[in-house]
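>>> below: sequence and its predicted model.
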Amino acid sequence: MSNRRNPNRNRKGLLGRKRFTGWLLSFMAVFAVFALNSCSNPQQTATSPQPNPTNAPIQISKPAVIKLDYAYYNPVSLVIKEKGWLEEDLSKDNVKVEWVLSQGSNKALEFLNGSSLDFGSTAGAAALIGKANGNPIKSVYVYSKPEWAALVVGANSNIRSVPELKGKKIAATRGTDPFIFLLRALDKFGLTDKDVEIVPLQHADGRAALEKGDVDAWAGLDPHMAKSEVEQNSKLFFRETSFNSYGVLNVREAFAKDYPEYITRVLQIYEKGRDWAIKNPAEFKQILIKASKLSDAVAAKQLERTDLTNSAIGEEQKTVILAAGDVLKKSGVIKADTDIPKVVDALIDPQYLKKLAK
């Protein structure tokens, strides 16, 4: 057997070593280029800070349009809409304003839930119903402390007390303060909604039904209630100011998350409108008359039951809303296992108004 090495095997080994050496040199070249680029361009690394010029302005996210409601039960909204103050302020940022009419708290909540509104006017207890049933809102401002709800009968009615409503037909707008007022009134005298026949009608239709005699009583709301009282001699036979749960301005949670600075901007204009209304009562009344087509006497009756002196939102409103929540659970409007205090805490958010005071 020969001891000479196989020349073909030697040539193959030599070729293999050359290929490996070439591959290794190529890898090292690529690595060197990558390392050089990383050193000369630190913003490309995950841990390197991004350049941020010290004089660069902070960019604040802004909406293209802000959608608010105006409502005859929220007369401050009528002032702001009439004066155009919000449009003037937001034009600096090229943000438009859209106004939507709310016929009641239930409609405002519906619009908020469907994103047709960013800000909506409701009663505090009505906002609780919405929040408890999954409407993602926050109550951020008190636009009035009104006595806007009462139980009403026609001029010729013999009904004089709540117990006499048993078995009677009562018009009410579900999900609103007058509806909740009715439930609380019944509960106070040992009755429930099962002891009466509630006819679900919007506020204006409820007034019309009462005046035509289609219902025995009506859970009324101003200015419709004031109109019926002044023009048709309807009687407010049961009144309880503590059952009225304040007028609150609500904002969608998504809007609050994306544009918190603009909540403060809107509330700043609301404060301007509220202050103006207090200082200019005669012109304030004329704006209400113009917007809602009321007579002078009806507008005066509504405004004498509307307190604008305090816009702060907090513990006082929570107390009233919590009391309403108990009755709403009893009547099945809110689920029996709902943690009312937890929902109320999540609903009432005073932080934006507090920023204005600083």
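Noted; the coordinates are in hand.
>>> and stretch 79-94, which residues are buried?
Of all the residues in stretch 79-94, those buried under the rule 16 or more other Cβ atoms under 10 Å are Val79, Ile80, Lys81, Glu82, Trp85, Leu86, Glu87, Asp89, Leu90. Every residue, glycine included, has its C-beta placed from N, CA and C.
>>> oh, I was asking about stretch 219-238
By neighbour count with 16+ other Cβ under 10 Å, stretch 219-238 contains the buried residues 219-230, 234-238.
>>> before we move on, the earlier item: what about the buried residues of stretch 79-94, which are in helices?
Secondary structure from DSSP state H places Val79, Ile80, Lys81, Glu82, Trp85, Leu86, Glu87, Asp89, Leu90 of the buried residues of stretch 79-94 in helices.
>>> just to check, the last one is in contact with Lys67?
When you say that, I think you mean Leu90. No - assessed by Cβ atoms under 8 Å, Leu90 is found out of contact with Lys67, at 12.0 Å.
>>> which residues are common contacts for the two?
Here Leu90 and Lys67 have Val97 as joint contacts, going by Cβ atoms under 8 Å, 6 or more residues apart in numbering.
>>> Throw the buried residues of stretch 79-94 into CSV and include distance to Ser115 and pLDDT, thanks.
Converted to CSV, the buried residues of stretch 79-94 look like this (distance: Cβ to Cβ, whole Å; pLDDT from 0 to 100):
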residue, distance to Ser115, pLDDT
Val79, 26, 98
Ile80, 21, 98
Lys81, 20, 98
Glu82, 26, 98
Trp85, 24, 98
Leu86, 19, 98
Glu87, 21, 98
Asp89, 23, 98
Leu90, 19, 98
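>>> low-confidence ranges in the stretch 101-250 of the chain?
Of all residues in the stretch 101-250 of the chain, none has pLDDT under 70.
>>> so where do the strands sit in it?
With strands called from DSSP state E, counting those that start in this stretch, the stretch 101-250 of the chain shows them at 119-123, 137-146, 149-153, 169-172, 197-200, 217-221, 235-238, 247-252.
>>> any idea how far the last one is from the chain center?
Which is strand 247-252. Distance of strand 247-252 from the chain centroid (Cα atoms, centre = their mean, to the nearest Å) equals 4 Å.
>>> and the helix or strand following it, what does it pack against?
Moving toward the C-terminus from strand 247-252, the next helix or strand (DSSP states H and E) is helix 253-258. Helices and strands touching helix 253-258, by 3 or more Cβ pairs under 8 Å, 6 or more residues apart in numbering; DSSP states H and E, are strand 137-146, helix 260-279.
>>> now helix 253-258: mean pLDDT?
Averaged across helix 253-258, the pLDDT comes to 98.
>>> next, count neighbours for Ala254.
12 (other Cβ atoms under 10 Å).
>>> what number of residues lie near the nearest residue to it once chain neighbours are set aside?
Nearest residue to Ala254 in three dimensions, chain neighbours excluded: Pro136, at 6.8 Å (Cβ to Cβ, 6 or more residues apart in numbering). The burial count assigned to Pro136 is 15, neighbours taken as other Cβ under 10 Å.
>>> who's in contact with Pro136?
Residues near Pro136 by Cβ under 8 Å, 6+ apart: Asn113, Arg252, Glu253, Ala254.
>>> if I look at the nearest residue to Ile129 once chain neighbours are set aside, how far off is Ala123?
Leaving aside its sequence neighbours, Ile129 sits nearest to Gly175 (Cβ to Cβ, 6+ apart; 5.5 Å). Using Cβ to Cβ, to the nearest Å, we find Gly175 at a distance of 9 Å from Ala123.
>>> which neighbours do these two share?
Common neighbours of Gly175 and Ala123, using Cβ under 8 Å, 6+ apart, are Ser105.
>>> who's the residue nearest the centre of the chain bridged to?
Centroid-nearest residue in the chain, with Cα atoms, centre = their mean: Asn250, separated by 2.5 Å. Beta-bridge partners for Asn250, by DSSP bridges, are Gly120, Ser139.
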